[in-house]
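*Asks:* Would you be able to build a 3D model of this:
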Amino acid sequence: MAPERISQDEKIRRALRKGVDSWVPIDLSELEEREPTMPTLGGTQLLYPGKRHVFSGPPESAKTLAAYCCLLQTVRHDDTAMLIDFEMGMFDARQRLRELGATKAEIKRIYYVEPADTSSEDRVKGLVDLNPGLVVVDAAAGAYQLDDFDDNKRADVEKFNKRYVTPFWREGISSLLLDHVNKSAEDRGRFVIGSERKLGATDVHLGFETVKAIKRGSSGRYKIITHKDRGGYLGRGHVADFHLDSDPDTHELAWKFTTPDGAGDAGEKRLTHLMEKASRKLELPSMMWTKTELADALKPSRKEHALQAINTLVSEGFAAERREGRSKILSSARPYREDDPDCNPDTLDAPAPEILCESPSRDADAV
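*Replies:* Predicted coordinates for the structure are as follows:
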């Protein structure tokens, strides 16, 4: 039986507003004391109980698999969870959960919904009444399309949040919305596709970037970056890594979330030679560069390597970005040199990554 889950905020709000006009001021100094909410949901150390979360990233950045792992962690902590699926389909969803190590008993604790009809207040209320610990919406694009909402229109984004996010949040149920980012890495920034209001009703926004893409029978690694955290208890910037290992015979997936392992964006080493070339061009006072223009000017064997080097300069504070019209212009913040130890903290001894959570050993009769 899932615990009563009405959020502390909502309990207090209801008690204070009972029979009172909501426009009457509240004396904040008289509110009862309470402990702050920490990112403890499902033991992931990435999600907050009762809060609104977004995972974003380009296609094949493993955000869906990471969300499925969060579903599993929630039920493994003696709770229930819910998947509102607009993309995978019921058989593929079950298969992914099995590959990630879900037992039949664990899958039973995940309410699965595959909507084919438009949402309504009553339909969503029926899901809220099931009182899951976490509800995952995969993905935003499908929900917008089903209800004929336009995610570029502020009013439609507000309607979407009111329908799919707020009812769960009011009852203390965590939500996790999966969304895509702009295809252009240069214009991507921290925003998901569509209106900026998408992130207005969000407490936590984590972005996913591919370091090494997984294939059947191989391993993969993905960076998780904090774009927004109202609670303030997650690290800023590169907050965690998501690791996947595919068994070459069974295709089962071992997974874990860890603290950043310091290996750099390439998965092996930072591209220091390209970083220095890019830094020297940025140091020229008469030049203005976008990421794409600078990447082209570096003439690398692979353009993604040049963009990777430029992104590393930005993330490590050697370069800065400013918006001018529709473009983002780069500038030098401080020189980078690959032979300077002060510019290369990865050459120093780094602590081993800490495991935040991981898949358990799989019993032979688990499925």
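*Asks:* ok, the residue nearest to K125 when sequence neighbours are not counted - contacts?
*Replies:* Residue nearest to K125 in three dimensions, not counting chain neighbours: P167, with 6.6 Å by Cβ to Cβ, 6 or more residues apart in numbering. Every C-beta, even on glycine, is put in place using the N, C-alpha and C of the backbone. If a contact means Cβ atoms under 8 Å, 6 or more residues apart in numbering, then P167 has E121, V124, K125, V128 as its contacts.
*Asks:* Please settle this for me: is P167 part of a helix?
*Replies:* Yes. According to DSSP: H, G, I helix; E, B strand; the rest coil, the state of P167 is that of a helix.
*Asks:* Pull the contacting residues for the closest residue to K51 other than its chain neighbours.
*Replies:* Counting by Cβ to Cβ, 6+ apart, K51 lies nearest to D203, which is 4.1 Å off, once chain neighbours are set aside. Under the criterion of Cβ under 8 Å, 6+ apart, the contact partners of D203 comprise Y48, K51, R52, H53, K228, D229, R230, G231.
*Asks:* and if you look at L65?
*Replies:* With contact taken as Cβ under 8 Å, 6+ apart, L65 is in contact with R96, L100, F242, L244, L253, W255.
*Asks:* Skip the chain neighbours and tell me the closest residue to the fifth one.
*Replies:* So the one you mean is L253. Of all residues not flanking L253 in the chain, E99 sits nearest, at 4.8 Å (Cβ to Cβ, 6+ apart).
*Asks:* same thing with the second one?
*Replies:* Closest residue to L100 apart from its sequence neighbours, by Cβ to Cβ, 6+ apart: L253 at 5.2 Å.
*Asks:* ok, the one you found to C69 distance?
*Replies:* 9 Å (Cβ to Cβ, to the nearest Å).
*Asks:* and for these two, which residues touch both?
*Replies:* L100, S359.
*Asks:* So for these two, which residue has more residues nearby?
*Replies:* Higher neighbour count among L253 and C69: C69, with 26 against 21, using other Cβ atoms under 10 Å.
*Asks:* what helix or strand does the more buried one sit in?
*Replies:* Of the helices and strands defined by DSSP states H and E, C69 is found in helix 63-76.
*Asks:* Check the average confidence over that helix, would you?
*Replies:* In this model, helix 63-76 has an average pLDDT of 97.
*Asks:* what comes up buried for the helix or strand that that helix is followed by?
*Replies:* Scanning forward in sequence from helix 63-76 by DSSP H and E, the next helix or strand is strand 81-85. Taking 16 or more other Cβ atoms under 10 Å as the basis for neighbour counts, the residues of strand 81-85 that come out buried are A81, M82, L83, I84, D85.
*Asks:* Check the gap between the residue nearest to L253 and E30 for me.
*Replies:* E99 sits 52 Å away from E30, taking Cβ to Cβ as the criterion.
*Asks:* The two - which one has more neighbours?
*Replies:* For E99 versus E30, neighbours defined as other Cβ under 10 Å are more numerous around E99 (19 against 7).
*Asks:* and T292, helix, strand or coil?
*Replies:* With three-state DSSP as the basis, the three-state label of T292 is helix.
*Asks:* Give the burial count for I310, as a bare number.
*Replies:* Burial of I310 is recorded as 30 neighbouring residues (other Cβ under 10 Å).
*Asks:* Name the next helix or strand downstream of the helix or strand bottoming out on mean pLDDT in the chain, please.
*Replies:* Least confident element among the helices and strands of the chain, by mean pLDDT, DSSP states H and E: helix 185-188 (a mean of 49). Secondary structure here is assigned by DSSP H and E; on that basis, the next helix or strand after helix 185-188 toward the C-terminus is strand 204-212.
*Asks:* Any chance of the backbone angles for the residue nearest to L100?
*Replies:* phi -110, psi 120 (degrees, to the nearest 10).
*Asks:* my guess is it contacts G220, does it?
*Replies:* No. The pair L253 / G220 is not scored as a contact, 9.5 Å apart, by Cβ atoms under 8 Å.
*Asks:* Find residues that contact each of the two.
*Replies:* The contact lists of L253 and G220 share L244, S246, where a contact means Cβ under 8 Å, 6+ apart.
*Asks:* Give the bridge partners for the nearest residue to L71 once chain neighbours are set aside, please.
*Replies:* Nearest residue to L71, sequence neighbours excluded (Cβ to Cβ, 6+ apart): A81, at 4.5 Å. Counting by DSSP bridges, A81 is bridged to I110, L134.
*Asks:* So A81 sits against L127, correct?
*Replies:* No. A81 is not in contact with L127 according to Cβ under 8 Å; the separation is 11.8 Å.
*Asks:* what touches both of these two?
*Replies:* The contact lists of A81 and L127 share Y111, V135, where a contact means Cβ under 8 Å, 6+ apart.
*Asks:* I am finished for the moment; much appreciated.
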